[in-house]
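>>> compute the structure for the input listed below.
(one chain, ligands or ions: 1)
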Amino acid sequence: MDLDLAGRTAVVTGASRGIGLEIVCALVAEGVTVVAGARTPTDELRALTDRVVAVDLALAGGPEELIAAALADGDGIDLLVNNVGGNPAPFDGFLSVTDEHWDHVLELNLMSTVRATRAALPSLVQRRGAIVNVASANAHLAQPVVVAYAAAKAAMLNLGKALADEFGPQGVRVNTISPGPTLTSLWTAEGSAGAAMATAMGLTQQQLIEQLPAMAGMTNGAMTDPAEVAALVLLLASGAAPSMRGAELVIDGGLLKAV
Ligand SMILES: NC(=O)c1ccc[n+]([C@@H]2O[C@H](COP(=O)([O-])OP(=O)(O)OC[C@H]3O[C@@H](n4cnc5c(N)ncnc54)[C@H](OP(=O)(O)O)[C@@H]3O)[C@@H](O)[C@H]2O)c1
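Sure thing, here's the model as predicted:
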């Protein structure tokens, strides 16, 4: 299928590794110019694009700086992928979660999306572009250990619908992808949420990565490959299905059971 993305310009947040890096890789392979943001750009990212912005997207002003860099050196923005997000190590339930944790999780996941979107929308409207937000299957799973993260991701689903409704008539397509457990540094890195969860369960990280899919009821037997999420971004970015507006694509190996 010709996705007709060559020559477009995209901004990808949280692009230095994991799902964001795979999204950059997939877009560049389609001939898209990618402006990429992360706090610490990696060699892998720099090998894909020279338009890399080192920026903290959880701070007010960070997303705006990234969008300004994209607009400074080009014709405009055709695609915004709000991928940055995450969850500091799990906590022990609602009463253990401080205001600081709530603030950080909301800023990193929800407000980064709000701010990047607000800054990019004039250009996206002008170019009849698209927004793809990366939420999480956790938006649908009320798990006490990730209460703030799940609430932030659920808010992103609502935000995506509202944006699709308001800006759809001006030609901007807004959709959301909700991954389930996906094999990235969120699970593999030292000090990650995956490391904390493995310790809490008396497992090594590798054991957790191998056993979690079955424990969680994923029917494909393994965590999702981040490249699969990137493939969905390409589809939503392409306009191959222009009637997809305010939609959510869940890619979770069959984790979610509710209809
Ligand atoms: N992996 C999963 O199982 C899973 C499941 C569902 C949803 N998701 C969602 O998918 C998205 C990507 O997750 P991932 O697994 O790829 O995460 P990851 O491997 O931890 O990568 C996160 C990316 O975001 C960047 N980042 C983190 N904090 C940042 C900040 N304050 N400012 C700028 N950049 C920042 C990181 O680079 P720097 O550290 O250099 O800044 C990195 O490039 C997130 O929204 C996550 O919630 C992931």
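>>> can you give me the helices for the stretch 1-150 of the chain?
For the stretch 1-150 of the chain, applying DSSP state H, counting those that start in this stretch gives helices covering 18-29, 43-48, 62-72, 99-105, 112-126, 147-167.
>>> which of those helices sits closest to I251?
Proximity to I251 (Cβ to Cβ) singles out helix 18-29 among the helices of the stretch 1-150 of the chain, at 10.4 Å. (C-beta placed from N, C-alpha, C; glycine too.)
>>> can that closest one be said to contact the ligand?
Yes - Helix 18-29 reaches the ligand (Cβ under 6 Å from any ligand atom) through 18-20.
>>> in a markdown table, list the helices of the stretch 1-150 of the chain along with mean neighbour count and mean pLDDT.
Shown next, in a markdown table, are those (neighbours: other Cβ atoms under 10 Å; pLDDT from 0 to 100):
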| stretch | mean neighbour count | mean pLDDT |
| --- | --- | --- |
| helix 18-29 | 24 | 98 |
| helix 43-48 | 14 | 98 |
| helix 62-72 | 20 | 98 |
| helix 99-105 | 14 | 96 |
| helix 112-126 | 21 | 98 |
| helix 147-167 | 19 | 97 |
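>>> the ligand contacts on the chain?
Counting by Cβ under 6 Å from any ligand atom, the residues of the chain that sit close to the ligand are 14-20, 37-40, 56-58, 83-86, 108, 134, 136, 179, 181-182, 184-186.
>>> drop anything exposed from those.
Neighbour-count burial (16 or more other Cβ atoms under 10 Å) is assigned, among those, to 14-20, 37-38, 56-58, 83-86, 108, 134, 136, 179, 181-182, 184-186.
>>> for the stretch 151-259 of the chain, which residue gets nearest to the ligand?
Nearest residue of the stretch 151-259 of the chain to the ligand: T184, at 3.3 Å (Cβ to the nearest ligand atom).
>>> from G18, how far out is that residue?
In this view, T184 and G18 are 3 Å apart by Cβ to Cβ, to the nearest Å.
>>> intersection of neighbour lists for those two?
Jointly contacting T184 and G18 under the rule Cβ atoms under 8 Å, 6 or more residues apart in numbering are P226.
>>> and the residue nearest the centre of the chain?
Centroid check for the chain by Cα atoms, centre = their mean gives N83 as the closest residue, at 2.3 Å.
>>> confidence score at that residue?
Note on N83: pLDDT of 98.
>>> spit out the contact partners of the residue of the stretch 51-200 of the chain found nearest the ligand.
The ligand sits closest to G85 of the stretch 51-200 of the chain, with a gap of 2.4 Å, by Cβ to the nearest ligand atom. Neighbouring residues of G85 by Cβ under 8 Å, 6+ apart: 14, 108-109, 112, 134, 136, 152-153.
>>> ok, 7 Å please
With contacts defined as Cβ atoms under 7 Å, 6 or more residues apart in numbering, G85 is in contact with 14, 108-109, 134.
>>> farthest-separated two in these?
L108 and V134 (12.1 Å).
>>> neighbours of the nearest residue to R128 once chain neighbours are set aside, how many?
In space, and not counting its chain neighbours, R128 is closest to G171: 3.3 Å by Cβ to Cβ, 6 or more residues apart in numbering. Using other Cβ atoms under 10 Å, the number of residues around G171 comes to 14.
>>> G171 contacts R127, correct?
No - using Cβ atoms under 7 Å, G171 is not in contact with R127, being 8.4 Å away.
>>> could you pull out the strands for the protein?
Remark: strands assigned in the chain by DSSP state E are 9-13, 33-38, 52-54, 79-82, 130-134, 173-179, 248-251.
>>> output the first one as PDB, nothing but the C-alphas.
What that stands for is strand 9-13. Taking C-alpha atoms only, strand 9-13 is exported to PDB below (Å, rounded to 0.1, in the frame of the first residue of the first chain):
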ATOM      1  CA  THR A   9       7.100  16.700   8.000                       C
ATOM      2  CA  ALA A  10       6.400  15.000  11.300                       C
ATOM      3  CA  VAL A  11       7.200  15.800  15.000                       C
ATOM      4  CA  VAL A  12       7.700  12.900  17.300                       C
ATOM      5  CA  THR A  13       7.900  13.300  21.100                       C
END
